[in-house]
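Enquirer: Based on what follows, work out the 3D shape:
(one chain, ligands or ions: 2)
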Amino acid sequence: MSPRMKHWTIEQIAWNRFDPSKVEPEVVPLVKAAAMVERNGDDYALYLKSVFRDDPDFARAADNWAVEEVRHGDALGRWASLADPAFDYVACFARYRAGYRIDVKADASRRGSRTGELIARCIVETGTSSYYTALGEASEEPVLREVCRLIAADEYRHFKLFYDHMKRYLEREKLSFPRRLRVALGRVGETEDDELAFAFHCSNDGPGVAYEHDRCLAGYMGRAMGFYRFRHIERGMGMIFKAVGLEPRGRIADVAAKGAWRLLCWRRDKYRAALARELAANSNQPGAEAAARAA
Ligand SMILES: [Fe+2]
Ligand SMILES: [Fe+2]
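Expert: Numbers count the residues shown, from 1 in each chain. Ligands and ions are numbered 1, 2, ... in the order given. Below you'll find the predicted structure:
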C-alpha cells in the first residue's frame, strides 16, 4: 500500500461516542450538504482522468483521491443520519447527482490549461481543509470533531498532491503569474455558484420545494461562515499564495489575509441577514429559532 493510500476507514471512527446532546442543530444542515459534494468526488475524478488522459501517474492519483473524497461523503452522511435519523443520505445524493452534472468526458480543462486545473484543485482543497478544521474546532460533538479532524488532514494532503502535479505541469506549460492568479481568484469566486447551494437544497429541502439559488446559498453560507476564525483564513491564504507562486508567509500574505477576513465577515453578515429573513418568513422550518438568534 502506498503512503498516500494508508488511511482511516469509516469503521474505525468511534461512532458509539456519538452524543446527541452535543449536536448543534445549525451544524446538521451543513454536514448534510457537505456530504453531497464530497460524495460526488468520483465523477470529478472521471473528469480529471479525461483531461489528463495521457498521464497515468496522475490518473492513478486521481483514483486514490476520489476514494478518499467519497469516504468523506460517507462519513459525513453517516454522522448526519445519526444527528437526524430522518435524513436519507443515499436518496438525497441520488437527487444531487441527477441535478448537478460534471462533464466527465471533457477533452480539456475548463480552466484553460492543466496547470490551471491543478491550481483550481489546490484552491478547492485549501477551502475544504480550512472549512473542516473550522467546523471541527467549533463543534462539541465528539464524533463530528473526529470526522472533521480526519477529513481536514486528508484535504491538506490533497492540496499537496495537486500542488506537486501542478509544479510538474508549470515547468512544461509555463503559465504566467497573472493567469495563475486569475484561475485561483476565479475558483474562489465559484464557491457561490450552484455546487454548494444545490447540495444544500437536495439534502435539506423537502421533495416539493423548488431549488432557489440565493435562498439555498444563504442557507449554507449564513451558517457555515460563522465557524471561521481569522487563523483559518490566515492559514488558507498562505496555501493560496503557495499555489499561485507567491511567498506564503510574508507581508503581502498578511495584508491579503486581513482583507479576506474583512470580506468574509461582510459576506457572512449579509448571508446571515438573508437567512434570518427567510427563517422569519417560514418559521416552521427546523432550526429557525436558533438560526434567527445566531443571525
Ligand atoms: Fe473531501
Ligand atoms: Fe479533498
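Enquirer: Looking at residue 104 now. What's its pLDDT?
Expert: Note on residue 104: pLDDT of 82.
Enquirer: before we move on, what about residue 288?
Expert: We have a pLDDT of 50 for residue 288.
Enquirer: what about the stretch 1-150 of the chain, any weak spots by pLDDT?
Expert: Within the stretch 1-150 of the chain, the segments meeting pLDDT under 70 span 1-6.
Enquirer: Close to ligand 2: what parts of it are there?
Expert: residue 125 (CB under 5 Å from the ion). (Each C-beta comes from the backbone N, C-alpha and C, glycine too.)
Enquirer: OK, now which residue of this protein is nearest to ligand 1?
Expert: Closest contact between the chain and ligand 1, by CB to the ion, is at residue 72 (3.8 Å).
Enquirer: List the buried residues in the strand or helix carrying that residue.
Expert: Secondary structure assignment for residue 72, by DSSP states H and E: helix 56-83. By 16 or more other CB atoms under 10 Å, the buried positions in helix 56-83 come out as 58, 61-62, 64-66, 68-83.
Enquirer: Following the chain past it, name the next helix or strand.
Expert: helix 89-99.
Enquirer: helix or strand right after that next one?
Expert: Heading C-terminal from helix 89-99 (DSSP H and E), you reach helix 114-138.
Enquirer: which strands and helices sit next to that following helix?
Expert: Applying 3 or more CB pairs under 8 Å, 6 or more residues apart in numbering; DSSP states H and E, we find helix 114-138 packed against helix 41-51, helix 142-173, helix 177-189, helix 230-244.
Enquirer: Compare those and give me the one nearest residue 120.
Expert: helix 177-189 (4.3 Å; CB to CB).
Enquirer: interface residues of this structure facing ligand 1?
Expert: 38, 69, 72.
Enquirer: What is the nearest of those residues to ligand 2?
Expert: residue 69 (5.5 Å).
Enquirer: Please name the nearest non-neighbouring residue to the closest one.
Expert: Of all residues not flanking residue 69 in the chain, residue 41 sits nearest, at 2.6 Å (CB to CB, 6 or more residues apart in numbering).
Enquirer: The one you found: what's it in contact with?
Expert: 65, 66, 68, 69, 70, 72, 73 (CB atoms under 8 Å, 6 or more residues apart in numbering).
Enquirer: Quick check: it vs residue 185, distance?
Expert: 24 Å (CB to CB, to the nearest Å).
Enquirer: Skip the chain neighbours and tell me the closest residue to the residue nearest to the spatial centre of the chain.
Expert: Centroid-nearest residue in the chain, with CA atoms, centre = their mean: residue 128, separated by 4.1 Å. Leaving out its chain neighbours, the residue that sits closest to residue 128 by CB to CB, 6+ apart is residue 155, at 4.2 Å.
Enquirer: what's the neighbour count on the one you found?
Expert: Using other CB atoms under 10 Å, residue 155 has 23 other residues around it.
Enquirer: Over to residue 86?
Expert: 6.
Enquirer: and the gap between it and residue 92?
Expert: Taking CB to CB, one finds residue 86 at 11 Å from residue 92.
Enquirer: Give the full set of residues in contact with the residue in the stretch 101-250 of the chain that ligand 2 sits nearest to.
Expert: Proximity to ligand 2, evaluated over the stretch 101-250 of the chain using CB to the ion, is greatest for residue 158 at 3.7 Å. By CB under 8 Å, 6+ apart, the contact list for residue 158 reads 65, 68, 121, 125, 128, 129.
Enquirer: Same question for residue 84.
Expert: Applying CB under 8 Å, 6+ apart to residue 84 gives the contacts 28, 32.
Enquirer: same deal with residue 95?
Expert: Per CB under 8 Å, 6+ apart, neighbours of residue 95: residue 202.
Enquirer: Return the residues of the stretch 151-295 of the chain in contact with ligand 2.
Expert: Near ligand 2, when you scan the stretch 151-295 of the chain using CB under 5 Å from the ion, you find 155, 158.
Enquirer: what's the pLDDT at the residue sitting furthest away from the middle of the chain?
Expert: Most distant residue from the mean C-alpha position of the chain: residue 172, 29.3 Å away (CA atoms, centre = their mean). Listed pLDDT for residue 172 reads 95.
Enquirer: Kindly report the same for the one 5 residues further on.
Expert: Note on residue 177: pLDDT of 94.
Enquirer: how close does it get to residue 245?
Expert: When residue 177 is compared with residue 245 (using CB to CB), they lie 6 Å apart.
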